[in-house]
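Participant: model the following, please.
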Amino acid sequence: MSEPNTDVIKQLAPTGTLRAALNMNNFLLVVGENEAGQPIGPSPDMAAAIAEALGVSLQLVPFRSPSDITAAAGSGQWDIANIGAESQRAKVMDFTPAYCEIEANYLVPAGSSLQSVEDVDRSGVTISAPAGSAYSLWLENNIQYADLRLVKGNAVEQFTQDGLDALAGLRSQLVTIEQEIAGSRVLPGQFTAVQQAVAVNKGRAEALSWLIDFVETSKSSGQVAGFIAAHGVEEQLSVAPPATS
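Facilitator: As a prediction, the model looks like this:
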């Protein structure tokens, strides 16, 4: 990995501090807080490693959702954002390759005839999903026949109260919900893997190139695996494969 030059440091930390946006709604990447009330998890660890490599201080900037991070792009509120890489978001920010992946799947109610992920995208099938999540954006781009019902509120309540056919979510979340809803089950396989990456605001080409190199080195060196293991989420997160050129 190359040392960051002056242009990279200026692009990534124009105030002298790296301001890193965190999605506080992703409990796998932000697992909690330390005694000082600061977020902890693989995502804050990645931000800290980037700041250390740049030789600057770090400010973690919490956001309630990835939609809020996206809305703040270009506003000067953050310099990097640890967020799921999706095509809609790429309109306002640039992404490195993923540093880790999270499996996304469906939960179906008791008595459902749906047996596989492939069964879900059929005419007449209704899917509940939270609006703005990375996997919901994937569904918006890829579902062709099913009725996708995005909700800004509680997708689980929509799924149960409206009697929908499938609930989209991260597998780790769905496994917990499966235990709470009698007879429900998580379908085998996955419909996508959410690609967690580092984003920068548009117009920072040198910074993006350096970050891509940093992320790939962090994966190959075992650093990302160490972040994941340190917070006990290795059964739910996996290191992303090397980027293809």
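Participant: tell me which residue lies farthest from the centre of the protein.
Facilitator: For the chain, the largest distance from the centre (Cα atoms, centre = their mean) belongs to G111, which lies 31.3 Å off.
Participant: quick one, helices of the protein?
Facilitator: 6-12, 42-54, 66-71, 117-120, 134-142, 155-161, 171-180, 205-220, 223-230 (DSSP state H).
Participant: K219 against F227, yeah?
Facilitator: No - in this structure, K219 is not within contact of F227 by Cβ atoms under 8 Å, at 10.6 Å. C-betas here are computed from N, CA, C, even on glycine.
Participant: looking at the two, which is more packed in?
Facilitator: Remark: of K219 and F227, F227 carries more neighbours, 24 against 20, as counted by other Cβ atoms under 10 Å.
Participant: identify the residues contacting that one.
Facilitator: Taking Cβ atoms under 8 Å, 6 or more residues apart in numbering, we find F227 in contact with 42, 45-46.
Participant: and the closest residue to A20 other than its chain neighbours, how many neighbours does it have?
Facilitator: Nearest non-adjacent residue to A20, counting by Cβ to Cβ, 6 or more residues apart in numbering: A47, 3.6 Å away. Neighbourhood size, A47 [other Cβ under 10 Å]: 25.
Participant: test my guess that A47 contacts P62.
Facilitator: No - using Cβ under 8 Å as the test, A47 is too far from P62 to be in contact (11.5 Å).
Participant: overlap in contacts of these two?
Facilitator: The contact lists of A47 and P62 share L22, where a contact means Cβ under 8 Å, 6+ apart.
Participant: remind me which residues of the protein are low pLDDT?
Facilitator: 1, 245 (pLDDT under 70).
Participant: in contact with the residue nearest the centre of it, which residues?
Facilitator: The residue lying closest to the centre of the chain (Cα atoms, centre = their mean) is G84, at 3.4 Å. For G84, the contact set (Cβ under 8 Å, 6+ apart) comprises 23, 66, 133-135, 137, 194-197.
Participant: show me what it is bridged to.
Facilitator: Q196 (DSSP bridges).
Participant: in contact with the residue farthest from the centre of the chain, which residues?
Facilitator: Going by Cβ under 8 Å, 6+ apart, G111 touches G183.
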